[in-house]
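In: pasting the structure only:
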DNA sequence: CCCAACCCTTAACCTACTTCAAGGTTTTTT
DNA sequence: AAAAAACCTTGAAGTAGGTTAAGGGTTGGG
């Protein structure tokens, strides 16, 4: 009887909830109560191409889980040049964690590079999940550790490699993304001008 | 009676354990059981100047909490140039988290810039703490989130600022560290040659 | 299906930073 | 106290990458 109910509960979730649950369960199994509490707290949202999820100056209020599409977290410097910090595609999380935590205005923006659907969760709801189900502390610890490791490798590359090496690493590490986003975005991620990416490509292909 | 015992337990800890416990309790309160389990799992170690805590090619096996002194996590590139990823002084944590997690050989090294004392904890012991006391999941989640935010800001600076701006930011952000470590280390952290740091300083002082 | 907005490339010139080399100073080790 | 090692500065010459400007190609929104 219990097993039956369990099974029933599981299939009662919309497919998008199943997607996020599956993704979390790659790291830690969730009790049914944790799943249904999660399902009750996330909201499904759609965004058009170029639409903002977060604008510079606003406080980041949600953690976003991408179901379909592609988002970007970026910084605009005083000259108006954009610098990409992160891209998120299917099953990726994105937010300005600094702003989300401190509840201070963000210097970063998030927008959609493609029509995008997300599940998002607010800070207060997330805290409630942490308190009620320690599994979520665990999940976000692992998630953040992995993100930290990635950022550390990126700092390392930035201070020790040439632009060409950074470009090649990007193409190797994110081959799908590279076919999906314009080159100007890759340039802004690896920290060079789009013109110089052109030169790099020319140089590579002449080998 | 219970209160008395509690008090007694607390004072029974060596002063170094009290230091780390105090630091953790800035983020989340710990039960007495959590404290004593932690105390049973950390080891006190001393290192001489220049001594390795981790050598490139070895697997990183411990998370280190600095009691006194200064450590550095760095990468040596194919030309032999060193690039600092992180410094840790009193109450700071340091490890190659990537290697620690995946149990693969590290491309990074950790050594002591000063005679240094640490409390260190092994991976397996840490996992046991996580399982037994969810507070530790929480603590390390918050710790890693803050480290992640710092790394993200650093990537942002690297791709959007000049060397002089990076130097000034470093001096502002870590004024104590700047008086404590040689300039060559600052150079290796902000990603320029030590000669160029000299030129930056000259340029700044001539204003 | 068309037009505006975006996207990519090339080339000439410019600059922030590196490299190499040398000399003087401070710190560490013996 | 002396020797060795590490540290800092300066300058001349070189290079990776930026800037500006212009032309042609693609895309997506109406």
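Out: In hand now; what should we look at? Treat the numbers as computed from the prediction; the structure is a model and nothing was measured. Numbers count the residues shown, from 1 in each chain, chains lettered A, B, ... in the order given.
In: where along chain A do the strands fall?
Out: Assigned by DSSP state E, chain A shows strands spanning A:43-47, A:52-54, A:62-68, A:71-76, A:82-88, A:93-94, A:108-112, A:116-122.
In: right, so of the ones you listed, which gets closest to DNA strand C?
Out: DNA strand C lies closest to strand A:82-88 among the strands of chain A, at 10.0 Å (C-beta to the nearest atom of the strand). Yep, even glycine has a C-beta here, placed from its N, CA and C like the rest.
In: what inclination does the closest one have with respect to strand A:62-68?
Out: 70 degrees (axes from the mean of the first three to the mean of the last three C-alpha atoms, to 10 degrees).
In: Strand A:82-88 packs against which elements?
Out: Judged by 3 or more C-beta pairs under 8 Å, 6 or more residues apart in numbering or on different chains; DSSP states H and E, the packing partners of strand A:82-88 are strand A:71-76, helix A:183-190, helix B:134-160.
In: Any chance of the ones you listed in a markdown table with distance to residue B:57 and mean pLDDT as columns?
Out: Below are the helices and strands packed on strand A:82-88 laid out as a markdown table (distance: least, C-beta to C-beta, whole Å; pLDDT from 0 to 100):
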| stretch | distance to residue B:57 | mean pLDDT |
| --- | --- | --- |
| strand A:71-76 | 35 | 97 |
| helix A:183-190 | 28 | 98 |
| helix B:134-160 | 24 | 95 |
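In: right, so the strands of chain A: which one is the most enclosed?
Out: Of all the strands of chain A, strand A:93-94 has the most neighbours on average by mean count of other C-beta atoms under 10 Å in any protein chain shown, namely a mean of 22.
In: Next, report how far that one is displaced from the centre of its chain.
Out: Distance of strand A:93-94 from the chain centroid (C-alpha atoms, centre = their mean, to the nearest Å) equals 3 Å.
In: For it, which strands pair with it and how are they oriented?
Out: strand A:62-68 (antiparallel) (DSSP bridges).
In: How many residues are close by the nearest residue to residue A:166 once chain neighbours are set aside?
Out: Of all residues not flanking residue A:166 in the chain, residue A:190 sits nearest, at 4.3 Å (C-beta to C-beta, 6 or more residues apart in numbering or on different chains). Other residues near residue A:190 number 25, with proximity taken as other C-beta atoms under 10 Å in any protein chain shown.
In: surely residue A:190 meets residue A:163?
Out: Yes. Assessed by C-beta atoms under 8 Å, residue A:190 is found in contact with residue A:163 at 6.6 Å.
In: For residue A:55, what are phi and psi?
Out: With angles defined as degrees, to the nearest 10, residue A:55 sits at phi -110, psi 140.
In: related to what we said a few turns ago, out of the helices and strands packed on strand A:82-88, which is closest to DNA strand C?
Out: With respect to DNA strand C, and counting by C-beta to the nearest atom of the strand, the nearest of the helices and strands packed on strand A:82-88 is helix A:183-190 at 3.4 Å.
In: Tell me how far residue A:34 lies from residue A:140.
Out: For residue A:34, the distance to residue A:140 equals 13 Å [C-beta to C-beta, to the nearest Å].
In: what's the answer for residue A:156, then?
Out: 24 Å.
In: Between those two, which is the more surrounded one?
Out: Remark: of residue A:156 and residue A:140, residue A:140 carries more neighbours, 24 against 18, as counted by other C-beta under 10 Å.
In: residues contacting that one?
Out: Counting by C-beta atoms under 8 Å, 6 or more residues apart in numbering or on different chains, residue A:140 makes contact with A:130, B:141.
In: now do 7 Å
Out: By C-beta atoms under 7 Å, 6 or more residues apart in numbering or on different chains, the contact list for residue A:140 reads residue B:141.
In: Okay, residue A:19 and residue A:132: tell me how far apart.
Out: Applying C-beta to C-beta, the value for residue A:19 to residue A:132 is 22 Å.
In: Tell me the residues of chain A that contact DNA strand C?
Out: Residues of chain A lying close to DNA strand C (C-beta under 7 Å from any atom of the strand) are A:182-184, A:194-195, A:197-199, A:201-202.
In: Just put the helices and strands packed on strand A:82-88 in CSV and tack on distance to residue B:74.
Out: Formatted as CSV, these follow (distance: least, C-beta to C-beta, whole Å):
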stretch, distance to residue B:74
strand A:71-76, 26
helix A:183-190, 22
helix B:134-160, 14
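In: so what's the closest residue in space to residue A:48 that isn't next to it in sequence up against?
Out: Spatial nearest neighbour of residue A:48, chain neighbours left out: residue A:115 (5.9 Å); criterion: C-beta to C-beta, 6+ apart. Each residue near residue A:115 by C-beta under 7 Å, 6+ apart is listed here: A:48-49, A:69.
In: follow-up on the earlier one: got CSV for the strands of chain A, with distance to residue B:101 too?
Out: Shown next, in CSV, are the strands of chain A (distance: least, C-beta to C-beta, whole Å):
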stretch, distance to residue B:101
strand A:43-47, 32
strand A:52-54, 30
strand A:62-68, 22
strand A:71-76, 24
strand A:82-88, 20
strand A:93-94, 18
strand A:108-112, 27
strand A:116-122, 25
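In: Just the buried ones from the contacts of residue A:115?
Out: Buried residues within these, counting neighbours by 16 or more other C-beta atoms under 10 Å in any protein chain shown: residue A:69.
In: Could you tell me which ones among the contacts of residue A:115 also sit near DNA strand D?
Out: Filtering the contacts of residue A:115 for neighbours of DNA strand D using C-beta under 7 Å from any atom of the strand leaves residue A:49.
In: ok so, going back, quick one: which of the residues of chain A next to DNA strand C is most hemmed in?
Out: With neighbours set by other C-beta under 10 Å, the maximum within these is found at residue A:197, which has 20 neighbours.
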